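K.L.:
got a predicted model here, sequence first, then my questions.
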Amino acid sequence: MSSARTRPCDEEIIQSTALAADRPAGAKTWVLLASILASSIANIDESIVNVALPAIETDLQTSAVVVQWIVNAYTLCLSAFLLVGGAAGDQFGRRRFFIVGISIFAAASLWCGLAPGLTQLISARGVQGAGAALLLPCSLALIGATFDESERGKAIGTWAGSSAVATAIAPLLGGWIVDHFSWRWIFLVNPLLALPAIWIAYYHVPESRDPDAKPGLDWPGTILVLLGLGGLAYGLIALPRSGWRDPAVLVSLIAGLALLIGFVYVERRSRTPILPLSLFRSRTFSAVNLLTLLLYAALGGVFFFLPFALIQVHGYPATLAGTAFLPFTIIMAALSRWGGGLLDQFGARLPLIIGPAIAALGIAVMGLTVVNASYWQFLVSIAILGFGMVVTVAPLTATVIDAVPAHETGLASGVNNAVSSVANLLAVALLGAVALSILDHELIQNLQNPALSEGVKHAVEAGRGQLVIGPALADIHGADRANAELILKASLAESIKWVMLIAAAMALGGAAAGTLIPRPARRSSSGSPRSA
């Protein structure tokens with residue numbers, strides 16, 4: 001099929017990935033380019049938004065609770081629809097749902113950039129997440145269907161490397177946009193990348209389906225996990241302000257847990273489950289997903305709170321806050337090949353213990369020094385975190401795939417990606433609740449000081465429930481402003497310190513989960529394998 005031809009008719013739909021070897025080189029190039037463009041959109045957006053959060057909170061005059069939903073609305077819909085999105089592509093056409101996903105994401109990005117208020121912004125972020133849940137699995141599936149086994153590794157490596165470059169540039173670009181224009185423009189750049197991706201996919205990417213895919217989609221499971229995770233997130237985010245006695249908090253937490261238990265029940269009986277529970281019969285698969293949950297929860301917490309530490313506590317511009325993420329991504333990109341070599345040299349178990357432990361060290365250093373750290377100290381701790389992730393990521397990915405039969409590797413990888421998304425969702429909700437509780441405690445303690453003037457007390461009270469300090473200082477000046485700013489920054493730094501230390505404990509828990517992975521078989525002197 002020539003790459004110059006227009007979209008294929010139904011009779012031309014590919015029925016088996018075995019025909020991948022028959023693709024002309026031109027078509028393969030178009031598929032790879034479209035997949036890279038579309039995946040880059042999602043990767044850029046997910047990392048660029050964190051840098052803009054302080055500006056969004058200030059500009060829209062909202063609270064930290066609402067800011068958490070700007071992140072979690074996206075992550076919730078991505079987590080809930082990720083697996084059903086891949087299944088829909090396999091059944092009804094990967095190219096078709098790839099285009100649908102990009103189109104939804106682009107339209108929602110435009111909606112985000114033009115949203116007149118918070119309700120519309122959060123709603124648009126949820127729609128963005130749903131679009132990403134379609135385009136991400138379909139982009140990889142298109143590569144798998146187009147490239148044969150001998151070419152697939154190189155193609156996926158090119159796709160991953162390009163995604164890493166996009167992820168590296170995104171925070172820096174986002175910070176520069178926030179400093180020089182408006183946070184709204186970080187969303188408005190997405191359609192500029194989406195349009196060529198849609199054009200390429202429509203005219204040059206061949207359609208493919210999985211001929212062995214079971215008919216039907218697991219909508220009951222999808223809705224249950226969406227509502228269950230949403231209930232937990234709502235309850236955790238509302239907890240610091242409303243308290244345990246608030247009926248809405250209790251109902252949402254209890255309902256969330258009940259719905260997730262119902263999700264497990266439905267998955268056990270579904271003909272086409274989005275989460276086949278049989279996968280977890282493998283001790284290795286269960287352990288590596290527990291590791292993923294803990295480690296990526298820690299990572300999600302760090303990436304959410306780091307911009308607030310840099311911008312609000314230390315006063316760096318958003319551009320420098322975005323630049324601070326560069327060591328992490330550069331190390332990941334430069335050393336990923338070396339990290340993959342650790343798997344061949346030591347097996348998966350040792351790197352999956354040491355890697356999360358190194359990541360925990362980097363996060364702990366960040367937390368312990370957040371109050372008085374220089375910019376360079378932040379860079380060092382982020383570099384340590386990046387090195388820990390380099391040691392972890394390749395062995396983790398390989399272990400997920402090796403833990404299941406060959407025909408379930410795609411499903412296993414999708415489940416692991418969904419687990420990492422759920423980890424980020426719960427981390428922002430849980431660690432956000434912890435941060436706001438500690439912040440309010442610190443501010444209340446300061447309010448007990450009888451030496452404070454009424455102006456300072458008013459500003460400190462206004463800072464409760466906020467991760468940005470500017471609005472609380474708007475009505476005071478002179479010495480009162482300086483004193484209030486000192487209290488607000490110290491209290492915010494203390495809350496971020498404890499969040500970072502909890503995140504470090506989560507990463508260390510990931511290292512402990514690595515010890516649950518069975519030791520690899522060793523060979524006896526006769527050459528036969530024996531248990532280690």
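P.N.:
Cool, got the structure.
K.L.:
host element of R464?
P.N.:
Secondary structure assigned from DSSP states H and E places R464 in neither a helix nor a strand.
K.L.:
go through stretch 65-75 and flag the buried ones.
P.N.:
Residues of stretch 65-75 classed as buried under the neighbour-count rule (16 or more other C-beta atoms under 10 Å) are V65, V66, V67, Q68, W69, I70, V71, N72, A73, Y74, T75. Every C-beta, even on glycine, is put in place using the N, C-alpha and C of the backbone.
K.L.:
surely L352 touches M389?
P.N.:
No: with contact defined as C-beta atoms under 8 Å, L352 does not reach M389; the gap is 11.7 Å.
K.L.:
how about the helices in the stretch 301-450 of the chain?
P.N.:
Listed from the start of the chain, the stretch 301-450 of the chain has helices (DSSP state H, counting those that start in this stretch) covering 318-323, 326-346, 349-369, 375-402, 409-447.
K.L.:
do the stretch 101-250 of the chain as well
P.N.:
118-146, 149-180, 185-188, 190-204, 219-242, 247-269.
K.L.:
check which helices and strands the shortest one sits against.
P.N.:
For helix 185-188, the packing partners by 3 or more C-beta pairs under 8 Å, 6 or more residues apart in numbering; DSSP states H and E come out as helix 25-59, helix 94-114, helix 149-180.
K.L.:
let's go with 10 Å and repeat that
P.N.:
Other elements packing on helix 185-188 under the criterion 3 or more C-beta pairs under 10 Å, 6 or more residues apart in numbering; DSSP states H and E are helix 25-59, helix 94-114, helix 118-146, helix 149-180.
K.L.:
list the buried residues for the first one?
P.N.:
Taking 16+ other C-beta under 10 Å as the neighbour-count basis, helix 25-59 is seen to contain the buried residues 27-28, 30-58.
K.L.:
over to stretch 497-513?
P.N.:
Of the residues in stretch 497-513, those with enough neighbours to count as buried (16+ other C-beta under 10 Å) are 497-504, 506-511, 513.
K.L.:
off-centre distance for that stretch?
P.N.:
Here the centre of stretch 497-513 is set off from its chain's centre by 17 Å, with C-alpha atoms, centre = their mean, to the nearest Å.
K.L.:
dump the helices of the stretch 301-450 of the chain to TSV, plus distance to I517 and mean pLDDT.
P.N.:
Formatted as TSV, those follow (distance: least, C-beta to C-beta, whole Å; pLDDT from 0 to 100):
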stretch	distance to I517	mean pLDDT
helix 318-323	36	86
helix 326-346	12	77
helix 349-369	5	92
helix 375-402	7	86
helix 409-447	14	85
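K.L.:
out of those helices, flag the one nearest A87.
P.N.:
When the helices of the stretch 301-450 of the chain are ranked by distance to A87, counting by C-beta to C-beta, first place goes to helix 409-447 at 8.7 Å.
K.L.:
hmm, who's touching the following helix or strand past that closest one?
P.N.:
Downstream of helix 409-447, the first helix or strand assigned by DSSP H and E is helix 454-462. The contact list for helix 454-462 (C-beta atoms under 10 Å, 6 or more residues apart in numbering) reads 442-444, 446-447, 449, 452-453, 469, 471-488, 491.
K.L.:
buried ones only from the residues you listed, please, as a PyMOL command.
P.N.:
Buried residues among the contacts of helix 454-462 (16+ other C-beta under 10 Å), as a PyMOL selection:
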select buried, resi 442+443+446+452+469+471+472+473+476+480+481+483+484+485+487+488+491
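K.L.:
lowest mean pLDDT across the helices and strands packed on helix 185-188, which one is that?
P.N.:
Considering the helices and strands packed on helix 185-188 one by one, the lowest average pLDDT is found for helix 149-180, at a mean of 73.
K.L.:
so what's V31 closest to, chain neighbours aside?
P.N.:
On the basis of C-beta to C-beta, 6 or more residues apart in numbering, the spatially nearest residue to V31 that is not a chain neighbour turns out to be T146, at 4.5 Å.
K.L.:
wait, that neighbour sits on A155?
P.N.:
Yes: using C-beta atoms under 10 Å, T146 and A155 qualify as a contacting pair, with a distance of 7.9 Å.
K.L.:
who's more crowded, those two?
P.N.:
The residue with the greater number of neighbours, taking T146 and A155 and applying other C-beta atoms under 10 Å, is T146; the counts read 27 against 19.
K.L.:
state the distance from the more buried one to A27.
P.N.:
The gap separating T146 from A27 is 7 Å, by C-beta to C-beta, to the nearest Å.
K.L.:
mutual contacts of the two, please.
P.N.:
With C-beta under 10 Å, 6+ apart applied, the overlap between the contact sets of T146 and A27 consists of V205, P206.
K.L.:
so what sits against both of T146 and A155?
P.N.:
Listed as contacting both T146 and A155 by C-beta under 10 Å, 6+ apart are K28, V31, L32, S35.
K.L.:
please identify which pair of those lies farthest apart.
P.N.:
Among the shared contacts of T146 and A155, the pair separated by the greatest distance (C-beta to C-beta) is K28 and S35, at 10.7 Å.
K.L.:
what residues do the two have in common as contacts?
P.N.:
Each of I143, T146, A155 lies in contact with both K28 and S35 under the rule C-beta under 10 Å, 6+ apart.
K.L.:
I'd say the first one and W159 touch.
P.N.:
Yes: I143 lies in contact with W159 (C-beta under 10 Å); the separation is 6.2 Å.
K.L.:
so which of these two has more stuff around it?
P.N.:
Just comparing I143 and W159: by other C-beta under 10 Å the higher neighbour count belongs to I143, 24 against 19.
K.L.:
please tell me how far the more buried one sits from P211.
P.N.:
18 Å.
K.L.:
next up, phi/psi of the residue nearest to G216 when sequence neighbours are not counted, please.
P.N.:
In space, G216 comes closest to T272 once its chain neighbours are excluded; the distance is 4.8 Å by C-beta to C-beta, 6+ apart. Main-chain torsions, T272, degrees, to the nearest 10: phi -130, psi 70.
K.L.:
could I get the pLDDT score of T272?
P.N.:
With respect to pLDDT, T272 has a value of 80.
K.L.:
L217 is in contact with that one, correct?
P.N.:
Yes: with contact defined as C-beta under 10 Å, T272 and L217 form a contacting pair (6.5 Å).
K.L.:
what do the two both touch?
P.N.:
Looking at what touches both T272 and L217 (by C-beta under 10 Å, 6+ apart), the common residues are V84, A87, Q91.
K.L.:
against which helices or strands is the helix or strand harbouring the first one packed?
P.N.:
Secondary-structure element containing V84, defined by DSSP H and E: helix 64-92. Packed against helix 64-92, as judged by 3+ C-beta pairs under 10 Å, 6+ apart, are the following elements: helix 25-59, helix 94-114, helix 118-146, helix 219-242, helix 283-308, helix 409-447.
K.L.:
returning to that earlier point: adding distance to P317 as columns, could you present the helices of the stretch 101-250 of the chain in JSON lines?
P.N.:
Listed next are the helices of the stretch 101-250 of the chain as JSON lines, based on distance: least, C-beta to C-beta, whole Å:
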{"stretch": "helix 118-146", "distance to P317": "23"}
{"stretch": "helix 149-180", "distance to P317": "5"}
{"stretch": "helix 185-188", "distance to P317": "15"}
{"stretch": "helix 190-204", "distance to P317": "23"}
{"stretch": "helix 219-242", "distance to P317": "28"}
{"stretch": "helix 247-269", "distance to P317": "37"}
